[in-house]
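Undergrad: next one to model:
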Amino acid sequence: MAEGTLGEAFESRGRAFAHRHDYDRAIQDYTQAARLKPSNPNVFDGLGSAYWQKGDYDRTIENYDQALRLRPVDANALIGRGLAYWAEGL
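TA: Numbers count the residues shown, from 1 in each chain. The predicted structure follows:
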């Protein structure tokens, strides 16, 4: 299986785990997808969201920052990062 296709599979499965509120497994799969497809901002949006759900705001910000580097006008990343800063009291 090509790396791009495998990366897409990990991204899709990560999204499925996130919808089932299994954020640990979502993070594992999104992390694999990011390793295989580091230029895909959707993967970093997914990671940011999963870390948000776990209350890990530093990693939330880190992943949304990466999504914004890849896609500067990303409403989900801007809102998610802002909420994480708010949750940290920054």
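Undergrad: how much space between Pro38 and Arg69?
TA: Separation of Pro38 from Arg69 (Cβ to Cβ, to the nearest Å) stands at 11 Å. Bear in mind the C-beta positions are built from the backbone N, C-alpha and C, glycine included.
Undergrad: nope, Ala50 is what I was after
TA: Going from Ala50 to Arg69 by Cβ to Cβ gives 19 Å.
Undergrad: which of these two has more neighbours?
TA: Just comparing Ala50 and Arg69: by other Cβ atoms under 10 Å the higher neighbour count belongs to Ala50, 28 against 12.
Undergrad: which residues touch that one?
TA: Contact partners of Ala50, counting by Cβ atoms under 8 Å, 6 or more residues apart in numbering, are Gly14, Ala18, Tyr23, Ala26, Ile27, Tyr30.
Undergrad: 6 Å - rerun?
TA: Ala18, Tyr23, Ala26, Ile27 (Cβ atoms under 6 Å, 6 or more residues apart in numbering).
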